[in-house]
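Student: okay, predicted coordinates and the sequence, questions at the end:
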Amino acid sequence: MQLGKSTMIGVLCTICLCTFTFHGCSNKQEVSKPDVKVEKVEEKGANKIEVKNTEKNTEKSAAEENAVPETTSWKVVGQAQISHPTYFTGFYNANAGMTVGLRGEIHYTGDGGKTWPQAKNSSLCRYGLDIVNDALAWSCGNGGHVRITNDAGKTWTAAKDFGGTGAYMSKHISFIDDKKGWIASTKQFATTKDGAKTWNESKLPDGTGDIAAISLRSENDGYILNSAGTLFITSDGGTTWAKQSIDMNGLGILSGKLSLGDTACAAIRFTDINNGIVIVNGMDKSLKIKSWIAETSDGGKSWKYSRMPVDEKNELSNAFITHDGKFITLSNAKFAMVFQK
């Protein structure tokens, strides 16, 4: 039987389309763009070819609904080279910042990182940092050592230890002043109301798993993010918790979970009950670390997702957000970038 030319073209197109659809379903980990789960649209000029996914779950991800753009409205306002041993960097504004690192070494800057005088501190390695205001900051790390500064990072004094080593090493710390704060390792969580003279270990909300970030907004309001993107929210000091979600799979993060190291690869900051920011630094299918931001104006019920404008050569795995939500620091051991909206 002979087929006309137009008939043969139609058959070939149908075969190609089916083959493409089957391939897309055979590997659920493979995502061509971080904002697409359910369907893929390829544009060529004015023509569109729409390919439906045959998976049973046809609900669109939150990231897909928000069409994750490649860049965000956050702009680079500072860049700093770091030559001293550093594990984590945070900037309070475009000029003032601190680094914490190896063998308790801490440095501070007031000129945007042009110079980094060394602070006076005695502790084991530092992995966590929270800069509360232009004078007050807290740090945590190995051995459970907790330290506080009241002079913009120049000198640090010891508070009561919390945590240990490995999964129980404290690397997340969040204070609202010199008295009230939270501290956490990957597996433990504690609170204080007396300036870390005492720590009260608290039960984590059900399903927490591994902690990726914490943030205390007021004495009673706070947030915990786990490695799978679940955001736990309390308004009564941790007695009860509500849950919202950050769409890790939709963003394109490999395996849909954050890979947790010694320092925080994510950060949370809410400026009030409705307006919040979550930064996640994760590896995508290219095996490169990328930085995404999720912003909400309704308490986490919905999110606007976008990519932070970080050059491909700079894989910045650490994140810090100032308490007023105006500045974001992304950093690695040798380089830091400061962003402002």
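Tutor: Looks like it came in fine.
Student: residues in contact with the residue lying closest to K341 once chain neighbours are set aside?
Tutor: In space, and not counting its chain neighbours, K341 is closest to W74: 5.1 Å by C-beta to C-beta, 6 or more residues apart in numbering. For glycine as for every other residue, the C-beta is placed from the backbone atoms N, C-alpha and C. Shown in contact with W74 (C-beta atoms under 8 Å, 6 or more residues apart in numbering): 293, 308-309, 328, 339-341.
Student: nearest to S174 among those residues?
Tutor: I328 (15.6 Å; C-beta to C-beta).
Student: so what's the residue count around the closest one?
Tutor: 26 (other C-beta atoms under 10 Å).
Student: isn't it up against V310?
Tutor: No: contact criterion C-beta atoms under 8 Å: I328 and V310 do not qualify, at 10.9 Å.
Student: quick check: Y305 is in a helix.
Tutor: No: Y305 is assigned strand when assessed by DSSP: H, G, I helix; E, B strand; the rest coil, not a helix.
Student: that one: neighbour count?
Tutor: 26.
Student: what ranges does this structure have for its helices?
Tutor: Remark: helices assigned in the chain by DSSP state H are 5-26, 62-65, 248-251.
Student: how close does the residue nearest to K341 sit to L287?
Tutor: 25 Å (C-beta to C-beta, to the nearest Å).
Student: repeat that for L102.
Tutor: L102 is 26 Å from L287, by C-beta to C-beta.
Student: who's more crowded, those two?
Tutor: Per other C-beta under 10 Å, whichever of L102 and L287 has more neighbours is L102, with 13 against 7.
Student: that one contacts S123, doesn't it?
Tutor: No: L102 sits out of contact with S123 when judged by C-beta under 8 Å, with a separation of 11.1 Å.
Student: the strands in the stretch 101-250 of the chain, which residues?
Tutor: For the stretch 101-250 of the chain, the strands defined by DSSP state E, counting those that start in this stretch occupy 106-109, 126-131, 137-141, 146-149, 157-158, 172-175, 181-184, 189-192, 200-201, 211-216, 222-226, 230-234, 242-245.
Student: include mean neighbour count when you put those into a markdown table, please.
Tutor: Converted to a markdown table, those look like this (neighbours: other C-beta atoms under 10 Å):
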| stretch | mean neighbour count |
| --- | --- |
| strand 106-109 | 22 |
| strand 126-131 | 27 |
| strand 137-141 | 27 |
| strand 146-149 | 24 |
| strand 157-158 | 12 |
| strand 172-175 | 26 |
| strand 181-184 | 26 |
| strand 189-192 | 20 |
| strand 200-201 | 12 |
| strand 211-216 | 26 |
| strand 222-226 | 25 |
| strand 230-234 | 21 |
| strand 242-245 | 15 |
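Student: can you redo these as JSON lines with distance to Q81 and mean pLDDT?
Tutor: Shown next, in JSON lines, are those (distance: least, C-beta to C-beta, whole Å; pLDDT from 0 to 100):
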{"stretch": "strand 106-109", "distance to Q81": "11", "mean pLDDT": "98"}
{"stretch": "strand 126-131", "distance to Q81": "19", "mean pLDDT": "97"}
{"stretch": "strand 137-141", "distance to Q81": "22", "mean pLDDT": "98"}
{"stretch": "strand 146-149", "distance to Q81": "23", "mean pLDDT": "98"}
{"stretch": "strand 157-158", "distance to Q81": "29", "mean pLDDT": "98"}
{"stretch": "strand 172-175", "distance to Q81": "26", "mean pLDDT": "98"}
{"stretch": "strand 181-184", "distance to Q81": "30", "mean pLDDT": "98"}
{"stretch": "strand 189-192", "distance to Q81": "35", "mean pLDDT": "98"}
{"stretch": "strand 200-201", "distance to Q81": "39", "mean pLDDT": "96"}
{"stretch": "strand 211-216", "distance to Q81": "26", "mean pLDDT": "97"}
{"stretch": "strand 222-226", "distance to Q81": "30", "mean pLDDT": "97"}
{"stretch": "strand 230-234", "distance to Q81": "34", "mean pLDDT": "98"}
{"stretch": "strand 242-245", "distance to Q81": "37", "mean pLDDT": "96"}
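Student: kindly reformat the ones you listed as TSV containing distance to Y87.
Tutor: TSV is the format used below for these (distance: least, C-beta to C-beta, whole Å):
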stretch	distance to Y87
strand 106-109	10
strand 126-131	5
strand 137-141	8
strand 146-149	14
strand 157-158	19
strand 172-175	13
strand 181-184	17
strand 189-192	21
strand 200-201	24
strand 211-216	16
strand 222-226	20
strand 230-234	25
strand 242-245	29
